[in-house]
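> the following comprises the amino acid sequence and a computationally predicted model.
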Amino acid sequence: MKERNVQLKKNLGAIASKEAIKEIKSIPKEDTVNRQGFKAYSLPDELRLLTMLNTLKLKDQYYRSEDETMVELRDLIERLDPYFVCQAIIYSRCMGEGMRTINHLGAALVAPLISGEEWAKRFFYSFDKKNKKGGCIFRPDDMSEIKDAWFALGAKGLPSSMRNGFAHNLETYDTYSLAKYKKSVIDIANLAHPNSKLSKAEMTDEDGLVKKVLDLIMQGKSVIADTWEAAQSEAGQEVAKAVREGKLSQAEAEKVLAEAKTDNWDALLKEGKLGILAALRNIRNIMKNPRKEIIDMWCALISNQDMIRKNLILPIHFDLAYDVVKREFSTYDYAHQVMGALQDAYIKSIPNLAQVFTGKTCIIVDCSGSMGMCISDGKKLVQSDGWWRSTNETDRCCYKAGLIAATIAKACDADVVKFGTMAQFFEFNKHQNVFELAKKIGTCEYGGTSPYKAWQLITQYGKKYDRIIFISDNEVNSYNLTSDYYKNYLRICSPYVYAIDLAAYGTTPLAGDKVAYFYGYGASLYEDLTKNEFNPSAVIDKVKQIVI
């Protein structure tokens, strides 16, 4: 009896419901082509701008040159509402992925378009990290970078909005900020002419007189911030002086200097004057002469979740430090403790995905050849098997995709599908180190870019998912439309689809009411993913809430 009508039930089950058919019919036809000439969906200009500001560095990409990127950015900024452009830059630099150069250029490009606006100078104010409001200056040296971008565009002098905004910043910075970024302060003060009388930053000079820090800096007087850079520089100068005076030999000097620098790390860590980013960037100095007390304090510092979020420390920063320790110091004392702390800090830099991503999740990862393109500034590329790739695998776009996939897969036990000219499920150990898992997922050895293969695969296996995370550079080179296979999958179920764009080329192979677009790999990406099932326009809404 149980075997009767089995085929009938199977056939009826394969017929899409009325809701599924309605959803399939709502999906639009492709309206443009990608950079290779294949059909694709265009993105709204607002979203295109956000993807560029949060994804790109000013360098050549696989399918776009640096010059082309600059032209596209300029054209987008000129087409969009200037107020939204400024909101997007503030969000991207200070609340989003924290990219620097692309946002500095954006600020310079929008400057002439906001001339005369009452709020224009406030756009160039410093960002209040505690209250999450203010202008586009996240760090004092951002002003110098924006100024350089402005003059690189052929300008002769600073526009009044930029000049007034920068002057206001210098007048409101505290002693520590002015001293730490002294070079930038001098650079900008010579152009913006701040009124030092308005500054509350004061210190006692060598004659015992209370002076404005701004005045002392501009007079060339000694103003030193108690930072790791200053401490190590002073140690180097003192030892060099002893060598010149014949008190130390060169060999003795190297030993004394190493001990002095170690003592400085000790003091700065104990006094809470070493930032997380500085601690991560100086991991080599920490590991060369490790001491138990310093290592314990360093691990506690970089694992401080409040400081991680407050200072926009991206997950990738912990990954890069981990890679240095594993590659160069794996046999050193305390290496396992340090790598364990970096893994812990990485997890703390992203929200708890398991609590939000209930149900079943699938991550589709682009492993095509173009994903081997370098994502970092200043890294060399080599030609391998006809492809230009980064010499360091953790600098590749595919590794970034693997890191996102590994993070989400471990958090909520998701399925992983890798695709190129073919597609296959990737089996993994959930308890594996996230950084090592990322390298296994994030390869670039699958040839061309045919995402329809992934949708075909999960359809063939009858896999039903609550959400699908699609990670790619979106440069499809297959005549088979991804949208056709996506529509076919909707006959099985109707998942949320999160399309994460890693290259911001301007098109996507997917569209639909439940398809949302994201970018980058920082903490804001994971936060936005967790909110999207309730608000598909979360990122745009967040940007438009910024008041300048």
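Alright, I've got the coordinates. Numbering: from 1, shown residues only.

> endpoints of stretch 326-337, how far apart?
Using C-alpha to C-alpha, to the nearest Å, one end of stretch 326-337 lies 12 Å from the other.

> so which bits of it are buried?
Using 16 or more other C-beta atoms under 10 Å as the burial criterion, the residues of stretch 326-337 that qualify are Lys326, Phe329, Tyr334, Ala335. Glycine gets a C-beta too; all of them are placed from N, C-alpha and C.

> show me the two of those that sit farthest apart.
Pairwise distances across the buried residues of stretch 326-337 (C-beta to C-beta) peak at 13.4 Å, for the pair Lys326 and Tyr334.

> what helices or strands is whichever strand or helix holds Thr459 leaning on?
According to DSSP states H and E, Thr459 maps onto helix 452-460. Counting contacts by 3 or more C-beta pairs under 8 Å, 6 or more residues apart in numbering; DSSP states H and E, helix 452-460 is packed against strand 361-366, strand 415-419, strand 423-425, helix 482-489.

> contact partners of the first one?
Applying C-beta atoms under 8 Å, 6 or more residues apart in numbering, the contact partners of strand 361-366 are 398, 401-402, 404-405, 408-409, 412, 414-420, 426, 441-442, 449, 451, 454-455, 458, 463, 465-473, 495, 502.

> and that strand, which strands flank it?
Paired with strand 361-366 in the same sheet, following DSSP bridges, are strand 415-419 (parallel), strand 467-472 (parallel).

> quick one: it to helix 452-460, angle?
150 degrees (axes from the mean of the first three to the mean of the last three C-alpha atoms, to 10 degrees).

> between the buried residues of stretch 326-337, which is closest to Glu19?
Looking across the buried residues of stretch 326-337 and measuring by C-beta to C-beta, the closest to Glu19 is Lys326, at 49.3 Å.

> helix, strand or coil for that closest one?
The assignment at Lys326 comes out as helix when based on DSSP: H, G, I helix; E, B strand; the rest coil.

> what residues are up against it?
Neighbouring residues of Lys326 by C-beta under 8 Å, 6+ apart: Ala335, Met339, Phe435.

> try 10 Å
Ala335, Val338, Met339, Leu342, Asn433, Phe435, Glu436 (C-beta atoms under 10 Å, 6 or more residues apart in numbering).

> in PyMOL, select just the buried ones from the residues you listed.
To isolate the buried members of the contacts of Lys326 in PyMOL, using 16+ other C-beta under 10 Å:
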select buried, resi 335+338+339+342+433+435
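
> and the contacts of Lys326, which of them are in helices?
The helices, defined by DSSP state H, take in Ala335, Val338, Met339, Leu342, Phe435, Glu436 from those.

> distance to Leu268 and pLDDT added to those residues, as CSV?
Conversion of the ones in helices among the contacts of Lys326 to CSV gives the following (distance: C-beta to C-beta, whole Å; pLDDT from 0 to 100):
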residue, distance to Leu268, pLDDT
Ala335, 22, 93
Val338, 17, 95
Met339, 22, 93
Leu342, 19, 94
Phe435, 27, 88
Glu436, 32, 88
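
> so which of these comes closest to Thr172?
Among the ones in helices among the contacts of Lys326, Leu342 lies closest to Thr172 (C-beta to C-beta), at 35.4 Å.

> wait, that closest one sits on Ile283?
Yes - counting by C-beta atoms under 10 Å, Ile283 is a contact partner of Leu342 at 8.7 Å.

> and for the two, which residues touch both?
Counting by C-beta under 10 Å, 6+ apart, the contacts common to Leu342 and Ile283 are Ile302, Leu320, Ala321, Tyr322, Asp323, Val324, Val325.

> narrow these to those that are buried.
Burial of the shared contacts of Leu342 and Ile283 was assessed by neighbour count (16+ other C-beta under 10 Å); the buried members are Ile302, Leu320, Ala321, Tyr322, Asp323, Val324, Val325.

> from the chain's centroid, how far away is the helix or strand encompassing the third one?
Spelled out, it's Ala321. Per DSSP H and E, Ala321 falls inside helix 315-328. How far helix 315-328 lies from its chain's middle: 15 Å, per C-alpha atoms, centre = their mean, to the nearest Å.

> could you do stretch 166-184 as well?
In terms of C-alpha atoms, centre = their mean, the centre of stretch 166-184 is set 26 Å apart from its chain centre.

> rewinding a little: list just the nearest of the contacts of Lys326 to Lys57.
Comparing the contacts of Lys326 against Lys57 with C-beta to C-beta picks out Phe435 as the nearest, at 21.7 Å.

> looking at the helices and strands packed on helix 452-460, which is buried most?
strand 361-366 (a mean of 26; mean count of other C-beta atoms under 10 Å).

> all helices of the stretch 201-350 of the chain, in order?
Ranges of helices within the stretch 201-350 of the chain are 213-218, 228-244, 250-270, 276-281, 283-288, 292-302, 305-310, 315-328, 335-348, based on DSSP state H, counting those that start in this stretch.

> mean pLDDT lowest for which of these?
Mean pLDDT is lowest for helix 228-244 out of those, coming in at a mean of 58.

> any idea how far apart the tips of stretch 193-211 sit?
End-to-end for stretch 193-211, by C-alpha to C-alpha: 18 Å.

> what of stretch 435-454?
This stretch, stretch 435-454, spans 24 Å end to end (C-alpha to C-alpha).

> try stretch 482-496
End-to-end distance for stretch 482-496: 16 Å, by C-alpha to C-alpha.

> to the chain's geometric centre, what's the distance from it?
Centroid separation for stretch 482-496 versus its chain: 30 Å, with C-alpha atoms, centre = their mean.

> cool, stretch 282-295 as well?
On C-alpha atoms, centre = their mean, the centre of stretch 282-295 falls 27 Å from that of its chain.

> ditto for stretch 420-427
Relative to the centre of its chain, stretch 420-427 is centred 27 Å away, using C-alpha atoms, centre = their mean.
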